[in-house]
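Enquirer: This is the structure alone, sequence omitted:
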């Protein structure tokens, strides 16, 4: 009996550590799920707001260009107030619309946050219209909708004056 008790006493810390590790992993998953659920609640509330400002607050706009924000406001104004049927979070698939890396007018754009999930908002309309949003975790630890922001300006190719007509 003493032998069994000693064996249990030696293995008890390892069992306790394993349980703590499992609980921490579950807690982390629950925390992520809770924060995604909070984003869903915030999105639904912002969708019913009288102005576009609550919806813009869900975006990580830090570093976004003024024209990007203006285009975003215009696009969002068309969907504001539409009846939402469901909001689902999906793993990224690698689809082109999930990638926010492009060059426009000599400026290289990238995501305002590292993309983590895709949020699919399905509207309760006859045509089953839906919108996709790429989301990431902001520095404050909350889920935000990702937008494009300038990463760097691409310089134009040098001009050779050796063949100039003058």
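Expert: Done, it's in. What you are looking at is a predicted structure, and each value in this text was computed from that prediction instead of being measured.
Enquirer: The chain: strands as residue ranges?
Expert: 59-60, 84-91, 102-104, 107-111, 117-123, 130-137, 143-146, 148-153 (DSSP state E).
Enquirer: So for residue 49, which of those sits nearest?
Expert: Nearest to residue 49 among the strands of the chain is strand 84-91; the distance by CB to CB comes to 13.0 Å. For the C-beta atoms, the positions are set from N, CA and C on the backbone; glycine is no exception.
Enquirer: List the strands paired with that closest one, with their directions.
Expert: Using DSSP bridges, strand 84-91 pairs in its sheet with strand 117-123 (antiparallel).
Enquirer: What residues of the strand it pairs with count as buried?
Expert: 117, 118, 119, 121, 123 (16 or more other CB atoms under 10 Å).
Enquirer: Contact partners for the second one?
Expert: For residue 118, the contact set (CB atoms under 8 Å, 6 or more residues apart in numbering) comprises 89, 90, 91, 92, 93, 98, 132, 133, 134, 135.
Enquirer: gap between residue 95 and residue 118?
Expert: Applying CB to CB, to the nearest Å, the value for residue 95 to residue 118 is 8 Å.
Enquirer: doesn't residue 37 make contact with residue 143?
Expert: No: under the criterion of CB atoms under 8 Å, residue 143 is not in contact with residue 37, lying 9.7 Å apart.
Enquirer: The residue positioned nearest the centre of the chain and residue 61, how far apart?
Expert: With distances taken as CA atoms, centre = their mean, the residue of the chain nearest its centroid is residue 135 (1.2 Å). Separation of residue 135 from residue 61 (CB to CB): 14 Å.
Enquirer: So which residues of the chain form helices?
Expert: Secondary structure of the chain (DSSP state H): helices at 2-47, 53-56, 66-79.
Enquirer: just checking, what packs against the shortest one?
Expert: When contacts are defined as 3 or more CB pairs under 8 Å, 6 or more residues apart in numbering; DSSP states H and E, helix 53-56 packs onto helix 2-47, helix 66-79.
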